[in-house]
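In: sharing a model that was predicted from the sequence below.
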Amino acid sequence: MKVDLFDFYLPEELIAQTPLPNREASRLMVLDKKTGEVTHEPTFRSILSYLKEGDCLVLNDTRVLPARLYGEKEETGAHIEVLLLKQLDGDQWETLVKPAKRVKVGTIISFGDGRLRAECVAELEHGGRILSFSYDGIFLEVLESLGEMPLPPYIKAQLHDRERYQTVYAREAGSAAAPTAGLHFTEQLLEDVRKKGVHLAFITLHVGLGTFRPVNVENIEEHDMHAEFYQMSEQTAQLLNDVKAQGGRIIAVGTTSTRTLETIASRHDGTFVAESGWTDIFIYPGYTFRAIDGMITNFHLPKSTLIMLVSALAGREHVLRAYEEAVRERYRFFSFGDAMLII
């Protein structure tokens, strides 16, 4: 299947640069996955009218690390930018560094006047480096004080409140990017969802930047997804199995929740079990869904793995027509943009 089949025209001015003051104020497009019919709702809060008692929303409770660090080479004082991607053993991390040519094995980088130091212990391709960190105290606390949010490259505006790039239910630190479909929920809206008799289930998938890596092959089947860590608790597994048994719908909040649920269900014959591990599942048209009945998601980049996943659920033709309508109706795209419910 050719990657160009997932291309569409997107005016740059539709890429949302800042979050709205009110999380619920984003617009909502509802897409019928069977018919392709599109409904426009003025605000995300309208999602309440599409949820039924006995349904279950599955939310990714990962928390974004302030994973972008600015430091200096101890030998020369040269400025180095580091982006944390994935924790390896202990205090070793897989990272991206810029400029990579200045960071060789043995290079020492200092951050925050030496409060945090890193030694390069291995060189990877495409600017990747494995760094071993040293510090006093607790690493996450040091990172919170020194790091910046790793906003996607298409967002040029400065984020003044870093909590707006976190969901209100984020608690498991470890992501390099936010599960952005969840950014539309407020505590009050989640409470109203519960009051309607809709279950809330939480899973964790730590989002790596590989999820957003461009598809640089002509045939999508040749694209390799980067592995990401996930975990599901016994409580969540039991809840999801009960919802399925009672005929409720499982609605994933975001592509990350979708990939986690489908990974587990595909490994266990359509059922859910408590487990943790790594997934590199790549979902594109032709995939048979085992876990979810619907999905809440944002509007994605042309030719990305994310629009391919959405197209697998609702059909490529339906999705591309809906995206054309979203452009005509001036919906806001990407991380801080509007939302789509596929059901």
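Out: Sure thing, it's come through. Computed from a prediction, not measured in an experiment: that's the story for all the values here.
In: please count neighbours and contacts with C-alpha atoms only from this point.
Out: Fine.
In: report the secondary structure state of Glu24.
Out: Following DSSP: H, G, I helix; E, B strand; the rest coil, we place Glu24 in the helix state.
In: does Ser175 really touch Asp61, like I thought?
Out: No: with contact defined as CA atoms under 8 Å, Ser175 does not reach Asp61; the gap is 10.1 Å.
In: joint contacts of these two?
Out: Leu205 (CA atoms under 8 Å, 6 or more residues apart in numbering).
In: need the strands for the stretch 1-150 of the chain, in chain order.
Out: Using DSSP state E, counting those that start in this stretch, the strands of the stretch 1-150 of the chain run over 28-31, 38-41, 56-60, 62-64, 68-73, 79-87, 92-98, 108-111, 116-123, 128-135.
In: how far does the shortest one sit from the chain's center?
Out: Chain-centre distance of strand 62-64: 9 Å, with CA atoms, centre = their mean, to the nearest Å.
In: helices or strands up against that strand?
Out: Here strand 62-64 touches strand 172-175, going by 3 or more CA pairs under 8 Å, 6 or more residues apart in numbering; DSSP states H and E.
In: give me the contacts around the strand it packs on.
Out: Outside strand 172-175, the residues that touch it by CA under 8 Å, 6+ apart are Asp61, Thr62, Arg63, Val64, Leu65, Leu85, Lys86, Thr204, Leu205, His206, Val207, Gly208.
In: for the stretch 151-300 of the chain, what spans make up the strands?
Out: Taking DSSP E, counting those that start in this stretch as the criterion, the stretch 151-300 of the chain contains strands spanning 172-175, 199-205, 228-232, 250-253, 275-279, 294-298.
In: for the closest residue to Ser257 other than its chain neighbours, what are its contacts?
Out: Leaving aside its sequence neighbours, Ser257 sits nearest to Asn60 (CA to CA, 6 or more residues apart in numbering; 5.6 Å). By CA under 8 Å, 6+ apart, the residues touching Asn60 are Ala170, Pro179, Gly182, Phe202, Ile203, Thr204, Leu205, Val253, Gly254, Thr256, Ser257.
In: try it again with 6 Å
Out: Going by CA atoms under 6 Å, 6 or more residues apart in numbering, Asn60 touches Phe202, Ile203, Thr204, Ser257.
In: tell me which of the strands of the stretch 151-300 of the chain sits nearest to Val38.
Out: Val38 sits nearest to strand 294-298 of all the strands of the stretch 151-300 of the chain, at 14.2 Å, using CA to CA.
In: circling back: mind putting the contacts of Asn60 in JSON lines, neighbour count, distance to Asp161 and pLDDT included?
Out: Shown next, in JSON lines, are these (neighbours: other CA atoms under 10 Å; distance: CA to CA, whole Å; pLDDT from 0 to 100):
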{"residue": "Phe202", "neighbour count": "20", "distance to Asp161": "25", "pLDDT": "98"}
{"residue": "Ile203", "neighbour count": "20", "distance to Asp161": "25", "pLDDT": "98"}
{"residue": "Thr204", "neighbour count": "26", "distance to Asp161": "23", "pLDDT": "98"}
{"residue": "Ser257", "neighbour count": "27", "distance to Asp161": "25", "pLDDT": "98"}
